[in-house]
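Peer 1: Got a sequence here, can you build the structure:
(2 chains)
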Amino acid sequence: MGARLDSAAAGTANYVDERTSIGGFFKFFARKLFPDHWSFMLGEIALYSFIVLLLSGVFLTAFFVPSMTEVTYDGPLATMQGVEMSEAFASTLHMSFEVPGGLLMRQIHHWSALLFTAAIVTHMARVFFTGAFRKPRELNWLVGFTLMILSLAAGFSGYSLPDDVLSGNGLRIIEGVTRSIPIVGEYISYWIFGGQFPGEILIPRLFTMHILLVPGLILVLVALHLFLVFLHKHTQYPGGGRTHKNVVGLPLFPVYTAKAGGFFFVVFGIVALVAALFTINPVWNYGPYDPSPVSAGTQPDWYILFVDGALRLMPGWLFDVIPMEWELWGYTLSLNLLIPALIMPGLFFGFVALYPWIESWATGDRGEKHVLDRPRNAPVRTGIGVALITFYVILVMEGSNDIIANLFHLSLNDLTKFFRIGIFVIPALAFWITRRICFGLQRKDRELVLHGKETGRIVRHEHGEYVEVHEPLTDQERWMLVSYEDIAPLEIEPEYNDRGVRRKGYRWDRFKQRLSRIYFEKRISPVTPEELAEAQHAHH
Amino acid sequence: MNALARHRYHRAAPVVLVLLLLAIIAGVAAAVSTASSADAATTATADDVTQGQKLFAANCASCHGLDAQGTTGVAPSLVGVGAAAVDFQVGTGRMPMQASGPQAIAKRPQFTQDQINQLAAYVASLGAGPAIPTAEQVDPALGDPAKGMELFRTNCAMCHGSIGGGGALTQGKYAPNLWETTPTHIFEAMLTGPQSMPVFNNANIDPEGKRDIIAYLKAQDQGSPGGLRLGSIGPVAEGMWGWLVALGLIIASTVWIGARSS
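Peer 2: As a prediction, this is how the structure comes out:
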């Protein structure tokens, strides 16, 4: 039986190969080496939750009616009996309460959307903190960044589709923010909504965006993202024998194919479990969209919450003196919307997108980097990363200020006052503290390399001196602690040459030098072989 | 002993056990649901008013004044607030107030229903005000939950949340969760506007509308068809669970899968 099966498999493979020459591809991919680490699977979580989104999304499109035509509800839900609603909302109720498995599919879809965005952010954080965005991967960082933005677009457009009160309020905010753009805002808003908000055309438009445009772009960019991973080869964590010129790992087939294939089912299983146990987006609680009501606890899904938080944080009057809304030549300039909802996210995301270049200006290093940094060995980068996360988390907390106030019996007003100052102070503190912790860890590493591990064993010498016995590190351990690069601040050529002529590009160089000093002025260098030899000599 | 062991492995044993378990559950549920029915709206007598006045003098007068005329800056006058206000404030334990703070906190009532009725009769005797509703006025079975949903959404949800899960107000005040509140107390709260709540008098929302709202709130007792409802406070709770539970479990499994390497 086994032999017959084998020959059948071989026969089929041969049949296909003779007609497509696909065997060569398979050999290439199967032998491709990958380093192993759990944190390399974070991107995979995003990919798999995207596949779950596609699968469950196809099911939902079979029942969803993207139409804003008003109908009267007549279904099993007592609290909606005879209520006027759009067909979009009615079909969402229909698929939730009348289609077998429909509610589970909706909840799987929504939970995996939350997971998709969360996994992307976590993956991005891993890439950031380990320096995996450095040359040659800057472009792939941009591809990944664009995927993150697209995931927000996919999420928000899907969140708005059921046409319920909660998401309608979200769209109302988007409309207000769009209209705050000077001069063209009003036109853009009319263009998006096909007239006055909410209009009758938005849901079909969002539907096309949600099921065709955005997922199509995501698919193309995911393909490009993975292609670039193959092209660049995967990065690896520092360790014995690992350099910028090699990859230490296992072949894709059979170990990784089995692990990755199995992991898909782990992700799908956990999403299905969560979706089966926990309600998400109960649109039947919110009711069909109607512009007048807004309920307590009106918030967007977590990935847009930081913008909501910024809007809540922004004072209408600065220090109660300077108004944030101006009438200029008959136009209204709403800085209280423009700054938190457009300028802040623009600067935040712009900085994140451009970060690989900012850091390369500071290092001035043109070499390819395939070995990852341990976060402690890039103290300023790690500090910046933690500061960005802190900034983001404060905005998310301000976006949830009513929930926090209610849960912990605090005053909503005091919380907002606290965050208004905290948004400037706490990220700076987080940067400073993180950098200090990194330096401390680097000093500890130096100490370990120079003097070995403490054993807790105290020995008394004949002449009465007490010493603790230190156990030297193994070569592998030492490699890990000393292999990082010691980057000195940039040295630039002087402003004037010896004939007194001003050099072109001096200002740009000076900017890079200043940046470089921020990064590397204060640094802990790795132990050199000479220092190690000296330390060992001193011991013996 | 042998006989017991034989019976334990009998073919019908699992069925019998399941039936027994179901019977226990049904019995407990029946006991619990009958225990929570109460009767209201008894007619007050002159004796009730006298008894109520005594209770008032002993427990309320220190803040509200001996004639319930109120004390400036401490407690409002109770002339004309009606029996409904007393039944709500004292019946939910908000009064007598435990401590001053942003708002009076609901706690275990300090008086029996009879004493509350006496207090209510006394306060009602001071001036005309809304009366305690009858059992029929607050019966959720007679209300239309769909109409209640629309009324609740326009009038209540901005503070109490979309299905009455509660929400924050300014300066540490809050709109409480309504799931445990009795129909009578919900009705009285609308009628009298306790704490920061506005008054929804019968011209504003008619008594049938109030009953519809009660029907909508009581429809939430069945729980969510989607599973545990995470407090029904909206996407913030969902986001937190997404990060902590879904992503947390998955990252834990990546660590497990990657444990034997690097």
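Peer 1: Going by length in residues, pull out the top helix of the chain.
Peer 2: All of this refers to chain A. helix A:412-451 (DSSP state H).
Peer 1: meant chain B actually
Peer 2: Counting residues, the longest helix found in chain B (DSSP H) is helix B:13-35.
Peer 1: hang on, the earlier thing: what helices or strands is the longest helix of chain A leaning on?
Peer 2: Contacting helix A:412-451 under the criterion 3 or more Cβ pairs under 8 Å, 6 or more residues apart in numbering or on different chains; DSSP states H and E are the following elements: helix A:305-313, helix A:379-399, helix A:401-408, helix A:475-482, helix A:529-539. Any C-beta I mention is one placed from the backbone N, CA and C, and that applies to glycine too.
Peer 1: Name the residues of whatever helix or strand comes next after the longest helix of chain B that come out as buried.
Peer 2: Moving toward the C-terminus from helix B:13-35, the next helix or strand (DSSP states H and E) is helix B:46-59. Residues of helix B:46-59 classed as buried: B:Asp48, B:Val49, B:Gln51, B:Gly52, B:Gln53, B:Leu55, B:Phe56, B:Asn59 (neighbour count, 16 or more other Cβ atoms under 10 Å in any protein chain shown).
Peer 1: Now tell me which of those the prediction trusts least.
Peer 2: Checking pLDDT across the buried residues of helix B:46-59, the minimum falls on B:Asp48 at 87.
Peer 1: what's the burial count for the residue nearest to that one when sequence neighbours are not counted?
Peer 2: The spatially closest residue to B:Asp48, leaving aside those adjacent along the chain, is B:Ala121, at 4.0 Å (Cβ to Cβ, 6 or more residues apart in numbering or on different chains). Using other Cβ atoms under 10 Å in any protein chain shown, B:Ala121 is surrounded by 24 other residues.
Peer 1: Tell me which of the helices and strands packed on helix A:412-451 sits nearest to A:Thr122.
Peer 2: Taking Cβ to Cβ, helix A:379-399 is the member of the helices and strands packed on helix A:412-451 nearest to A:Thr122, at 10.9 Å.
Peer 1: now the angle from the closest one to helix A:412-451?
Peer 2: 160 degrees (axes from the mean of the first three to the mean of the last three Cα atoms, to 10 degrees).
Peer 1: other SSEs contacting helix A:379-399?
Peer 2: Applying 3+ Cβ pairs under 8 Å, 6+ apart, we find helix A:379-399 packed against helix A:102-129, helix A:305-313, helix A:344-363, helix A:412-451, helix A:506-520.
Peer 1: Let me see the ranges of the strands in chain B.
Peer 2: Counting by DSSP state E, one finds strands in chain B at the ranges B:167-168, B:174-175.
Peer 1: So which of these is nearest chain A?
Peer 2: strand B:167-168 (2.7 Å; Cβ to the nearest Cβ).
Peer 1: what packs against the closest one?
Peer 2: The helices and strands touching strand B:167-168, judged by 3+ Cβ pairs under 8 Å, 6+ apart, are helix A:401-408, strand B:174-175.
Peer 1: before we move on, the earlier item: for the helices and strands packed on helix A:379-399, could you give me a markdown table that also reports mean neighbour count and distance to A:Gly170?
Peer 2: Supplementary listing: these in a markdown table, determined by neighbours: other Cβ atoms under 10 Å in any protein chain shown; distance: least, Cβ to Cβ, whole Å:
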| stretch | mean neighbour count | distance to A:Gly170 |
| --- | --- | --- |
| helix A:102-129 | 23 | 14 |
| helix A:305-313 | 22 | 9 |
| helix A:344-363 | 16 | 15 |
| helix A:412-451 | 16 | 20 |
| helix A:506-520 | 16 | 39 |
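Peer 1: Let me have the ones you listed in JSON lines, extended by distance to B:Gln171 and mean pLDDT.
Peer 2: Rendered in JSON lines, the data for the helices and strands packed on helix A:379-399 read as follows (distance: least, Cβ to Cβ, whole Å; pLDDT from 0 to 100):
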{"stretch": "helix A:102-129", "distance to B:Gln171": "33", "mean pLDDT": "97"}
{"stretch": "helix A:305-313", "distance to B:Gln171": "16", "mean pLDDT": "96"}
{"stretch": "helix A:344-363", "distance to B:Gln171": "27", "mean pLDDT": "95"}
{"stretch": "helix A:412-451", "distance to B:Gln171": "6", "mean pLDDT": "96"}
{"stretch": "helix A:506-520", "distance to B:Gln171": "42", "mean pLDDT": "93"}
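Peer 1: Which residue would you name as the spatial centre of the chain?
Peer 2: As the question left the chain open, I've gone with chain A. With distances taken as Cα atoms, centre = their mean, the residue of chain A nearest its centroid is A:Val121 (1.8 Å).
Peer 1: let's do chain B instead
Peer 2: Here the mean C-alpha position of chain B is nearest to the C-alpha of B:Thr181 (Cα atoms, centre = their mean), at a distance of 1.4 Å.
Peer 1: pLDDT score for that residue?
Peer 2: 92.
Peer 1: Compute the number of surrounding residues for A:Arg292.
Peer 2: Actually, residue A:292 is Ser rather than Arg. Around A:Ser292 sit 8 other residues, with neighbours defined as other Cβ under 10 Å.
Peer 1: so it makes contact with B:Thr154?
Peer 2: Yes: counting by Cβ atoms under 8 Å, A:Ser292 sits close enough to B:Thr154 to count as a contact (6.4 Å).
Peer 1: Spit out the residues that contact the two alike.
Peer 2: Taking Cβ atoms under 8 Å, 6 or more residues apart in numbering or on different chains as the contact rule, A:Ser292 and B:Thr154 have no neighbour in common.
Peer 1: about what we covered before: please state the mean pLDDT value computed over the helix or strand following the longest helix of chain A.
Peer 2: Where DSSP H and E defines the elements, the next helix or strand beyond helix A:412-451 is strand A:453-460. Along strand A:453-460, the predicted confidence averages to a pLDDT of 91.
Peer 1: which strands and helices sit next to strand A:453-460?
Peer 2: Here strand A:453-460 is seen to pack against strand A:466-471 when contacts are counted using 3+ Cβ pairs under 8 Å, 6+ apart.
Peer 1: dump the residue contacts of the residue nearest to the centre of chain A.
Peer 2: A:Met148, A:Tyr303.
Peer 1: Please tell me the pLDDT value assigned to B:Ser232.
Peer 2: pLDDT, B:Ser232: 83.
Peer 1: next one: B:Gly101
Peer 2: The predicted structure lists B:Gly101 with a pLDDT of 82.
Peer 1: Over to it: give its phi and psi.
Peer 2: phi -170, psi -170 (degrees, to the nearest 10).
Peer 1: Neighbours of it, how many?
Peer 2: Neighbour tally, B:Gly101, other Cβ under 10 Å: 11.
Peer 1: That one contacts B:Gly172, correct?
Peer 2: Yes: under the criterion of Cβ under 8 Å, B:Gly101 lies in contact with B:Gly172, with a separation of 7.5 Å.
Peer 1: Tell me the pLDDT of B:Ala3.
Peer 2: The pLDDT attached to B:Ala3 in the predicted structure is 66.
Peer 1: hang on, I meant B:Gln98
Peer 2: According to the model, B:Gln98 scores 84 on pLDDT.
Peer 1: Pick the one among the buried residues of helix B:46-59 closest to chain A.
Peer 2: B:Asn59 (26.2 Å).
Peer 1: Identify the residue nearest that closest one in space, chain neighbours excluded?
Peer 2: The shortest distance from B:Asn59 to any residue that is not its chain neighbour, by Cβ to Cβ, 6+ apart, is 5.6 Å, and that residue is B:Pro96.
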